[in-house]
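> this one's sequence-less:
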């Protein structure tokens, strides 16, 4: 089963680290990612640019509107995502609890993915009926 692991960090804490401390943290994290990959648990992962580069879309007054940055203002910012292969939530927690980023103050939100295959199939059937008219 796939789990999405959202990695959060505190930008101020990260900025307060020396270059050597940051390099050590990244080296440990990438080494653990390699371990997950080698054991078939790392499906995908992406780091995100800083929250200042984000754009949030939403619906307002009948049209799409935007606002700079993430919608929620929190101390922690989303830094990246990891798609994890695990047997169940307990296994996902076990794998992510060993991630070195935790000891540097990061946190992970783990969510199981949902298989949308049946929902997509039903939508395709409805849309075909509409276009056949």
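Looks like it came in fine. Keep in mind that this is a model prediction, so the values were computed, not measured.

> Let me see the ranges of the strands in the protein.
2-9, 42-47, 55-60, 63-68, 77-85, 107-112 (DSSP state E).

> Which of these sits closest to residue 120?
strand 2-9 (16.2 Å; Cβ to Cβ). Every C-beta, even on glycine, is put in place using the N, C-alpha and C of the backbone.

> could you list every residue that touches residue 83?
Neighbouring residues of residue 83 by Cβ atoms under 8 Å, 6 or more residues apart in numbering: 2-5, 42-45, 113.

> What's opposite it in the beta bridge?
Beta-bridge partners of residue 83, counted by DSSP bridges, are residue 4, residue 44.

> quick one: it from residue 112, how far?
Plainly put, residue 83 is 11 Å away from residue 112 if you go by Cβ to Cβ, to the nearest Å.

> got any residues that touch both of these two?
Between them, residue 83 and residue 112 share these contacting residues under Cβ under 8 Å, 6+ apart: 2-3.

> List just the nearest of the contacts of residue 83 to residue 90.
Nearest member of the contacts of residue 83 to residue 90, counting by Cβ to Cβ, is residue 3, at 11.0 Å.

> What pLDDT does the model give that closest one?
The per-residue pLDDT reported for residue 3 equals 96.

> same check, this time on the one 10 residues further on
With respect to pLDDT, residue 13 scores 91.

> Over to residue 32?
97.

> possible to save the contacts of residue 83 as a markdown table with distance to residue 95 and neighbour count?
Formatted as a markdown table, those follow (distance: Cβ to Cβ, whole Å; neighbours: other Cβ atoms under 10 Å):
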| residue | distance to residue 95 | neighbour count |
| --- | --- | --- |
| 2 | 12 | 15 |
| 3 | 9 | 23 |
| 4 | 13 | 17 |
| 5 | 9 | 19 |
| 42 | 9 | 18 |
| 43 | 12 | 15 |
| 44 | 15 | 11 |
| 45 | 13 | 15 |
| 113 | 15 | 12 |
